[in-house]
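In: model this:
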Amino acid sequence: MGVVPAAIPGDFSGGQTRNRWAKASICNAAQQAAPTGDAYLTNETGPDVTDVDGVARDIGRLRRVYAERSVSSAVRRKTSLLNPGHAYNTEQRRLIEVELLLKAFPQGLRDVMALDLGCAGGGQLRELMALGLKPDNFWGIDLMPDRVEAATSAFPDAHFLAGSAHALPMEDASVELVTQFMLMSSILSPELSRLVVAEVDRVLKPGGHFLWYDCWTNPLNTEAKGIGLRTLRRMFPHYRMDVRKITLAPPLARLVGPKSMQLVHLLNRIPILRTHYLVLLTKPAQAAAGSGTT
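Out: Got it, this is the predicted structure:
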């Protein structure tokens with residue numbers, strides 16, 4: 001099908017299920033990650049040397065943060081669809097996501113190979129299946145093994161891996177669609193971010209699409225950083241971008257929603273109060289001169 005797990009170092013768990021490819025060794029995978037030649041993807045001040053320790057530290061931090069959030073009642077309250085403000089933001093994102101995906105794939109996703117970075121329990125697969133994606137064409141990766149177990153149980157025909165998005169066990173130019181929702185802003189290590197970007201560029205087919213949803217500002221969360229459009233363009237300088245500024249600031253939406261949805265609608269019309277970008281990035285069909293895209 002074009003998407004084949006590549007040999008990666010680490011603790012293989014084959015034999016338990018065909019959906020569990022491998023659990024990669026973080027440091028070894030970081031050493032073997034091969035960045036491309038774009039200005040953002042290489043160190044302009046000297047030789048390209050992977051910061052293995054920094055990558056491993058940030059992945060360890062992410063695992064700690066995700067584990068804490070998984071048992072946090074405060075996080076559950078914030079992300080509950082019982083809050084009309086949060087439900088409104090979620091539905092708006094889904095509607096615009098469908099619009100962008102159908103623009104990219106007018107015939108639907110039936111024959112599309114898709115990869116979700118930070119797949120959690122597989123919720124993104126459920127949304128893509130509504131557009132025709134076959135579970136057997138879906139691949140997901142997440143740092144947390146318990147999330148991967150849950151996703152595998154819910155979607156036994158799909159393919160899930162416990163590992164890091166900076167070392168994807170997939171062939172070059174093997175998928176048409178990559179998605180990420182709030183993953184990149186959670187990465188604080190510039191080196192880890194650079195390696196993830198390099199991997200997305202590597203596995204995407206020419207003309208393929210990267211659906212990006214992330215915040216451009218997040219001042220209340222010290223475990224994340226906002227990513228603006230200028231930075232996103234540096235990450236993918238030769239990609240075409242279809243940008244939508246969406247999502248009423250979540251703390252504001254959660255506060256106002258239970259009191260007045262009319263006010264939520266009014267506030268959402270003010271651009272500065274919308275804190276996220278939903279972006280469809282399209283890889284060039286042919287490599288730009290001097291770029292690292294393929």
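In: in the stretch 101-250 of the chain, which spans are helices?
Out: Secondary structure of the stretch 101-250 of the chain (DSSP state H, counting those that start in this stretch): helices located at 123-129, 145-154, 190-203, 229-235, 250-256.
In: tell me the most buried of the ones you listed?
Out: Mean neighbours per residue, mean count of other C-beta atoms under 10 Å, is largest over the helices of the stretch 101-250 of the chain for helix 190-203, with a mean of 23. The C-beta positions use only the backbone N, C-alpha and C, and glycine is treated the same way.
In: same for that helix, what does it pack against?
Out: Judged by 3 or more C-beta pairs under 8 Å, 6 or more residues apart in numbering; DSSP states H and E, helix 190-203 is in contact with helix 52-70, strand 114-117, strand 175-181.
In: please repeat the previous calculation with a cut-off of 7 Å.
Out: In terms of contacts (3 or more C-beta pairs under 7 Å, 6 or more residues apart in numbering; DSSP states H and E), helix 190-203 is packed against helix 52-70, strand 175-181.
In: which stretches of this structure form strands?
Out: Here the chain has its strands, by DSSP state E, at 10-11, 23-24, 114-117, 138-142, 159-162, 175-181, 204-215, 240-248, 274-282.
In: how about those, which one is nearest residue 264?
Out: When those are compared by C-beta to C-beta, strand 240-248 sits nearest residue 264, at 6.4 Å.
In: then the closest one to PDB, C-alphas only?
Out: C-alpha atoms of strand 240-248 as PDB (Å, rounded to 0.1, in the frame of the first residue of the first chain):
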ATOM      1  CA  ARG A 240       1.300  26.500  -0.100                       C
ATOM      2  CA  MET A 241      -0.800  27.500   2.900                       C
ATOM      3  CA  ASP A 242      -4.600  27.900   3.200                       C
ATOM      4  CA  VAL A 243      -5.000  29.600   6.600                       C
ATOM      5  CA  ARG A 244      -8.100  30.000   8.800                       C
ATOM      6  CA  LYS A 245      -7.900  31.800  12.100                       C
ATOM      7  CA  ILE A 246     -10.400  30.100  14.400                       C
ATOM      8  CA  THR A 247     -11.200  29.100  18.000                       C
ATOM      9  CA  LEU A 248     -12.400  31.700  20.500                       C
END
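In: what angle sits between that strand and strand 204-215?
Out: Note on geometry: by axes from the mean of the first three to the mean of the last three C-alpha atoms, to 10 degrees, strand 240-248 and strand 204-215 are set 20 degrees apart in direction.
In: got the buried residues for strand 240-248?
Out: By neighbour count on 16 or more other C-beta atoms under 10 Å, the buried set for strand 240-248 is 244, 246-248.
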